[in-house]
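Engineer: sequence first, then the predicted structure:
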Amino acid sequence: MRVVDHYNRSAPVPSQVSALSTGWLIGVAASVVAVAALAFVIWSTVLEMRRRRELLLATLDAVLICEGERIRAANISFARMVGARCSSLAGTRLADHFPDPALLLAAGDSKERIETEMFAQDRTTIPVEVLASTRGRGKRQRRIYAIRDLRQRRDDEERIHFLAYHDALTNLPNRLSFCERLDQDIRRAERTGEPLAVLALDLDHFKGVNDLFGHAAGDRLLRDVAARLRNAIRPYDMIGRFGGDEFAISLSTGAQPSTALQVSERLIAALDSPFDLGGTATTVGLSIGIAVYPDHGTDAETLLSRSDMALYRAKKSGRGAPCVFEQEMDEDLRERYSLAQDLRGALRRQEISLSYQPLTKPDGEVIGFETFMRWRHPRLGNVAPNVFLPVAEDFGYITSLGAWAIQEACREAATWPNKLRLAINVSPMQFQQGDLAATIIRVLAETGLEPDRLEIDITERVLIHQPARALSVLGALKAMGVRIAIDDFGTGASSLANLQSFPVDKIKIDRSFIAQLGTSHQADAIVKAVAGLGRGLDLLVAAEGVETESQLAMLIGEACIEMQGYLFSRALPIDSFDHITGKAESDSTDTEPASRSA
């Protein structure tokens with residue numbers, strides 16, 4: 001029993017054995033977990049390094065990994081940029097790819113980007129932007145260069161610069177570029193003492209091309225015009241487009257203005273042959289104004305301004321010809337600007353009024369009135385219509401003046417007891433700048449004037465240069481019953497075609513032919529031909545500017561049905577014709593009951 005007890009005391013009890021086994025197992029398990037975790041970290045790190053390397057090599061920007069000047073790795077983007085294979089780049093030197101490798105080696109770790117160049121495989125240079133960084137230390141130090149191709153950006157910058165200094169439609173220098181170059185030409189002329197000339201160019205009747213064929217055809221025409229003009233000048237001369245159909249040319253050599261006039265003739269001749277606008281041939285003319293340094297100005301702004309003045313004179317003188325600036329043009333322009341400023345508020349100040357000239361039969365019977373605008377200037381007195389109306393057209397006031405005249409004249413005519421006709425002249429600019437048909441329709445509705453009592457007088461310029469718009473507007477008015485007359489007939493072009501194409505009721509023989517009746521065989525023949533044409537086409541024929549009995553007799557002999565002119569009456573305020581309009585009798589009738597009641 002003791003022996004057994006002794007044995008039992010020296011052997012571990014079951015609970016102690018269990019505790020030792022559990023501790024050992026826990027230690028082993030912890031070691032396994034630690035090793036597994038370490039293996040996982042190492043495996044993850046390797047994967048992450050591999051992933052980063054793959055991402056680095058596949059990034060959109062070109063990337064080089066270098067030890068000193070030696071390239072250890074390059075990504076696909078770099079290989080594509082230089083036109084090589086990735087495997088062939090490892091071991092090459094920076095000097096093999098960059099004209100100035102020292103610039104890269106000296107770059108510090110910063111966000112500052114270096115702009116330089118590198119070689120492609122064919123040794124052409126590529127503009128690039130480089131950002132350098134350093135990784136690791138000692139023998140494990142690496143330099144990483146992120147490289148961006150700047151060719152697209154440079155192309156974009158050049159394109160933006162080109163667009164800033166050139167006209168997008170024709171690729172010619174724009175006003176900014178032209179003026180900068182002209183300043184350089186002027187400075188050179190100051191040093192050499194050689195004159196230079198500036199030419200302002202404007203296409204004749206370009207607006208009609210846009211109206212008839214559309215703006216796409218107008219753009220095509222401008223491109224073709226620009227090409228012809230460029231080919232007509234010398235290689236060292238400069239041409240620019242300022243917008244619309246406005247061009248300018250600088251001639252920096254040659255005697256002036258003789259050289260400018262010779263070049264102008266070549267430019268005008270260059271546009272003589274028709275332009276093809278999608279199967280339709282059309283022609284445009286060219287007007288040119290010339291200013292010469294130093295006679296007409298010593299800076300770009302003055303020369304351009306005075307060439308514009310000369311251009312304006314060229315267009316007023318008949319177009320299609322060059323005109324050299326003269327000092328009087330500057331004075332005329334100043335007067336026009338002054339007149340335009342005064343005209344701007346003339347309606348508001350009630351300085352504009354209407355006068356009426358009778359339209360008569362050959363026997364003197366009044367059948368209607370033509371209305372004319374008058375301007376009584378507070379300082380200048382009465383300003384002639386042929387003076388202020390062109391100013392109103394040039395400065396954009398004619399639309400408001402014309403609309404007022406239509407409104408006022410129709411309102412007045414609607415009050416006449418005798419249902420006489422009313423003729424109103426319409427400017428070509430009213431066709432361009434406003435909705436003329438809508439204006440007239442509205443006024444007739446507001447005033448109550450019968451449409452068949454209204455006659456709209458237009459010039460042949462409207463029909464020739466704005467045929468599409470003219471046909472639309474005149475067609476709408478004709479449909480309402482408004483009568484259409486061609487004023488100053490015979491002074492424009494394509495008159496016979498106009499009579500066939502447009503809804504015309506009457507032609508008015510221009511006063512310049514009437515004034516020469518009996519003294520000019522040519523005038524006699526023209527009047528006879530126009531009168532015969534009217535009869536043949538069943539059109540009324542009227543004569544303007546009839547002043548003598550002999551003129552009247554000749555016109556009666558040619559069966560002219562309507563007359564107007566000083567022989568019958570000059571244009572006067574409508575109150576002067578109350579006995580004709582019937583307003584005098586109406587007023588008398590209206591006042592009789594009041595007298596009796598009194």
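Structural biologist: Received, thanks. Residues are numbered from 1 along each chain as shown.
Engineer: so V462 sits against Q432, correct?
Structural biologist: No - assessed by Cβ atoms under 8 Å, V462 is found out of contact with Q432, at 9.3 Å. Bear in mind the C-beta positions are built from the backbone N, C-alpha and C, glycine included.
Engineer: looking at those two, which is more packed in?
Structural biologist: Neighbour tally, V462 and Q432, criterion other Cβ atoms under 10 Å: the higher count belongs to V462, 26 against 17.
Engineer: measure the more buried one to A468 for me?
Structural biologist: 11 Å (Cβ to Cβ, to the nearest Å).
Engineer: cool, A74 as well?
Structural biologist: Applying Cβ to Cβ to A74 and A468 gives a distance of 65 Å.
Engineer: neighbours of D452, how many?
Structural biologist: Around D452 there are 12 residues (other Cβ under 10 Å).
Engineer: show me what contacts it?
Structural biologist: For D452, the contact set (Cβ atoms under 8 Å, 6 or more residues apart in numbering) comprises G481, V482, R483.
Engineer: dihedrals phi and psi, the residue nearest to the first one when sequence neighbours are not counted?
Structural biologist: Counting by Cβ to Cβ, 6 or more residues apart in numbering, P451 is the residue found nearest to G481 once chain neighbours are left out, at 3.9 Å. P451 has phi and psi values of phi -60, psi -30 when expressed as degrees, to the nearest 10.
Engineer: who's in contact with P451?
Structural biologist: By Cβ under 8 Å, 6+ apart, the residues touching P451 are L444, M480, G481, V482.
Engineer: isn't the second one up against L444?
Structural biologist: I take that to be M480. Yes - using Cβ under 8 Å, M480 makes contact with L444 at a distance of 7.4 Å.
Engineer: these two - which one has more neighbours?
Structural biologist: Using other Cβ under 10 Å as the criterion, M480 and L444 rank with L444 on top: 21 against 13.
Engineer: packing partners for the helix or strand where that one lies?
Structural biologist: Taking DSSP states H and E as the criterion, L444 maps to helix 436-447. Helices and strands touching helix 436-447, by 3 or more Cβ pairs under 8 Å, 6 or more residues apart in numbering; DSSP states H and E, are helix 398-413, strand 454-459, helix 467-480.
Engineer: between A74 and A468, point out the one with more neighbours.
Structural biologist: Shown here are A74 and A468; by other Cβ under 10 Å, A74 has more neighbours (27 against 13).
Engineer: helices along the stretch 51-200 of the chain, start to end?
Structural biologist: With helices called from DSSP state H, counting those that start in this stretch, the stretch 51-200 of the chain shows them at 76-82, 86-89, 101-105, 151-165, 175-192.
Engineer: repeat that for the stretch 301-450 of the chain.
Structural biologist: So, for the stretch 301-450 of the chain - with DSSP H, counting those that start in this stretch - the helices run 327-344, 385-394, 398-413, 428-433, 436-447.
Engineer: closest one to G565 among those helices?
Structural biologist: G565 lies closest to helix 385-394 among the helices of the stretch 301-450 of the chain, at 16.1 Å (Cβ to Cβ).
Engineer: what distance separates the closest one from the middle of the whole chain?
Structural biologist: Mean C-alpha position of helix 385-394 versus that of the full chain (Cα atoms, centre = their mean, to the nearest Å) differs by 25 Å.
Engineer: tilt between that helix and helix 327-344?
Structural biologist: Inter-element angle recorded for helix 385-394 and helix 327-344: 80 degrees (by axes from the mean of the first three to the mean of the last three Cα atoms, to 10 degrees).
Engineer: now what about helix 385-394, what contacts it?
Structural biologist: By Cβ under 8 Å, 6+ apart, the residues outside helix 385-394 that reach it are 336, 339-340, 343, 372-375, 397-398, 401, 427-429.
Engineer: give me the beta-bridge partners of the closest residue to V366 other than its chain neighbours?
Structural biologist: Counting by Cβ to Cβ, 6+ apart, P358 is the residue found nearest to V366 once chain neighbours are left out, at 4.6 Å. Under DSSP bridges, the beta-bridge partners of P358 are F369.
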